[in-house]
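Trainee: Need a 3D model of the following:
(chains A and B)
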Amino acid sequence: MELFLERLISGLTNGSIYALLALALVVVFRGTGTLNFAQGELALFTTFVAWWLTTQSIPVWIAIVAALVLGFVMGALIERTLIRPVQRRNDMAVLIVALGLFTGLNSLAGLLWGSETKIMPSPFPNGLDDYVSIGGARLYFDALGVWGALIVLMFLMTLLFKKPTIGLHMRAVADNPESATLAGVRTSRILAIGWGLSGAIGALAGVLVTPLAPQQLGLTTMFSIFIAASAAALFGGLDSLVGAIVGGLTIGVLEAMLTGYISIIGGSLQQTSALVIIVAILFVRPNGLFGTQKLVRV
Amino acid sequence: MTLLTIDDLHAGYGPSDVLHGLSMTVEAGEVVVVLGANGAGKTTTMRAIAGLIGRRGTIELDGVPLGRRPEQVVGSGISLVPQGRGTLGQLSVVDNLRVGAAMRRDKDGVEADIERWCEVFPVLGRRQSQLAGSLSGGEQQMLAVARALMSRPRLLLCDEPSLGLAPIVVQELFATLSEINTTDGTALMIVEQNAELAMDLASRVYLLDVGTIAATGTPADFRADDAVRAAYLGY
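Mentor: Residues are numbered from 1 along each chain as shown, chains lettered A, B, ... in the order given. Predicted coordinates:
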C-alpha cells in the first residue's frame, strides 16, 4: 500500500509536468493548428536562463518569474518573426521551422552554458525531511508544489478562456480565423499572445521539473518530457485543455505503475510501454479522449 | 449620397489578378446586386473590400479612403457575410454574436443587439446556448448575417447568401434582409448566382465579367435585356 502510494505520488508529479507542457502544446495547436516541436527546447532554454540567474545570486523565485516572462516574449517573437511568415505559404513549413528551432535552441543553450549538468535550485523546500506522511508514503513538498502549480495554472487558464473579450477572441481565432478576422478580431495579436502564453507555461514546466528530474538540468533533460507531453496532448485530443491535463496525469501514473509492478519493464522500457498503451487507446478513439470531432452540417 | 466608391480596383491571389480595374458605387441605404458567372470576380471583390486580400486602386467610404486591414474595414462600418457562412462551429450561438461585436466597447448596446437579432431570427433565440456547428445550413446563414450585423455596419456585404439553402429559407432570408435595409437604412451589396430573388430587392444591378464591370442598370433594365436575361437570369 505504502509502495503503491509512493508510486502514485511520483506518477502524479511527473504527470503534472507532462500536463503543463501538454497545455502549452494545446494552446499553440488551438491557435495555429500545428504541433510545436520546439516547445520542450524553448522550456529548456528559459530554464537555463533561470538557472543562470540563480548563479548570479538572484533569488530563485525572481529567476522563475524572469524565465516565465522570457518564455512569453520568446514565444510571441517566434510566432511573429518565424511562424507567421512561413505559415502564409505552407503549413508543413511551420513544422520544419519548429524542428529547426528545436535543434537551434538546444545548441544555443549548449553554446552559452556548456553541456555539463547544472543543478537548478527548487523554489520549494526540498530537504530530506520536507515531507508529509500519507499512509506511510512520503509526499515531498516540492512534489506538492508541482501539483499546486498545475492547479493554479488550470484555474487561471479557465478564467482566461472564459473572459469576455480575450478568451472569447482566442476561442474564435482557434475555431475559424477568417471569421474572427472579419469580425474585427486582431487575429495576429491573439496568435502572438497564444504563443507567448505557451512559451511561459513551458518555462514553468521547465523550472519545476529540473530540480526533480534525475538528470537535473542538462541539454537532454527535456527530450523525454517533451515526448511524454506530446503524447499526453494527443491522448487528450490536441485541442482540449482538460484533455491535456488528464492525458499528462494518465501517462505519468501509467509510467510509474508499469515500471514499479512489471519488473521486465524496469527503467529502460518505461516510456515506451506507456506510449504503447496510449497508441492502443487512440486506435479506439482516434480523436483522443476529449478531442472535438468537428461538427459539420451543411 | 454615395456611401462606397470603388475606382480602378485590382486584386487577386498570388501573382495573377482576378479584378482588372473594377469601378462601382453604392449609395447610402441602397441595395446593390452583383451578378456574374463563376470566376467573374464577385467573391474577390467582396474579399478585397473587406481587407482579406491585398488590392490596388481606390476604395472610399463617405469620401474617405477605406483602411486595408479587416479590423479597420469593420471599424469604419462595412461588414462581410462570407460565402460558406464562416460559422464558429465550436462556439455557442450567442458567443458567435459576441465575436461579431469584437470592435465594440458598449457592453449594454451589444447585449441589446444580441436580444434584437435573436428576436429577428427566432431560430437563433431558441438555440442561443447551442453550439453553432450543430445548426442547419439555413440557421447558420441567419447566424452569419446576424453576426455581421453585430458590428452595426452601414454597408453589409453578402457573398452568395442563398448557397445551398432551400428556396423557402432563401425567401425568408431575403425578406429579413429587406426589412433590415428599410428599418435601419443599412446598405446591402449582395453577390448572387441565383439572381431572381435578389433582383427584387435591388435598386441597382452590376454585371461582372472577367474582373471588370460589363453592365450596370436597374433590375428592370436587366430583365428587359434579352441577352443578359438569358445568360444570367436563366429564362
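
Trainee: alpha carbons only for contacts and neighbour counts from here, please
Mentor: Noted.

Trainee: Contacts only, for B:Leu61.
Mentor: B:3-5 (CA atoms under 8 Å, 6 or more residues apart in numbering or on different chains).

Trainee: Compile those into a markdown table and extend it with columns for neighbour count.
Mentor: Listed next are the contacts of B:Leu61 as a markdown table, based on neighbours: other CA atoms under 10 Å in any protein chain shown:
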| residue | neighbour count |
| --- | --- |
| B:Leu3 | 18 |
| B:Leu4 | 23 |
| B:Thr5 | 19 |
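
Trainee: B:Leu207: what secondary structure?
Mentor: strand (DSSP: H, G, I helix; E, B strand; the rest coil).

Trainee: Which residues does B:Ala215 form beta bridges with?
Mentor: B:Ala215 forms beta bridges with B:Leu207, as assigned by DSSP bridges.

Trainee: Residue of chain B nearest chain A, please.
Mentor: Proximity of chain B to chain A (CA to the nearest CA) peaks at B:Glu71, 3.9 Å away.

Trainee: and that residue, how far is that from A:Arg186?
Mentor: To A:Arg186, B:Glu71 is 7 Å away according to CA to CA, to the nearest Å.

Trainee: What ranges does the chain have for its helices?
Mentor: Using chain A. A:2-32, A:39-55, A:60-78, A:84-87, A:91-113, A:141-162, A:166-175, A:177-182, A:187-209, A:221-236, A:241-261, A:270-284 (DSSP state H).

Trainee: that's the wrong chain, I meant chain B
Mentor: Secondary structure of chain B by DSSP H: the helices cover B:42-50, B:70-76, B:93-100, B:107-120, B:122-126, B:137-149, B:167-184, B:195-201, B:219-224, B:226-228.

Trainee: Run through the residues of chain B sitting next to chain A.
Mentor: Selection of chain B residues close to chain A by CA under 8 Å from any CA of the partner chain yields B:50, B:52, B:70-72, B:74-75, B:79-80, B:82, B:86-91, B:95, B:99-103, B:133-137, B:147-148, B:151, B:164.

Trainee: Can you select the buried ones from these in ChimeraX?
Mentor: Remark: buried members of the residues of chain B next to chain A, expressed as a ChimeraX selection using 16 or more other CA atoms under 10 Å in any protein chain shown:
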select /B:50,52,70,71,72,74,75,79,80,82,86,87,88,89,90,91,95,99,100,101,102,103,133,134,135,137,147,148,151
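
Trainee: For A:Ala93, give me its contacts.
Mentor: Residues near A:Ala93 by CA under 8 Å, 6+ apart: A:86-87.

Trainee: Help me confirm that B:Gln140 comes into contact with B:Gln83.
Mentor: No: applying CA atoms under 8 Å, one finds B:Gln140 not in contact with B:Gln83, separated by 11.5 Å.

Trainee: Among these two, which residue is more densely surrounded?
Mentor: B:Gln140 (25 against 17; other CA atoms under 10 Å in any protein chain shown).

Trainee: List the residues that contact the closest residue to A:Arg80 other than its chain neighbours.
Mentor: With sequence-adjacent residues excluded and distances taken as CA to CA, 6 or more residues apart in numbering or on different chains, A:Arg80 is closest to A:Ala192, at 6.5 Å. Counting by CA under 8 Å, 6+ apart, A:Ala192 makes contact with A:75-77, A:79-80.

Trainee: The helices of chain A into TSV, with extra columns for distance to B:Glu192?
Mentor: Putting these into TSV (distance: least, CA to CA, whole Å) gives the following:
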stretch	distance to B:Glu192
helix A:2-32	33
helix A:39-55	46
helix A:60-78	41
helix A:84-87	32
helix A:91-113	32
helix A:141-162	38
helix A:166-175	27
helix A:177-182	20
helix A:187-209	29
helix A:221-236	43
helix A:241-261	41
helix A:270-284	45
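
Trainee: which parts of the helix or strand of chain B with the lowest mean pLDDT are buried?
Mentor: One helix or strand of chain B scores below all others by mean pLDDT, DSSP states H and E: helix B:226-228, with a mean of 76. Within helix B:226-228, the residues scored as buried using 16+ other CA under 10 Å are B:Val228.
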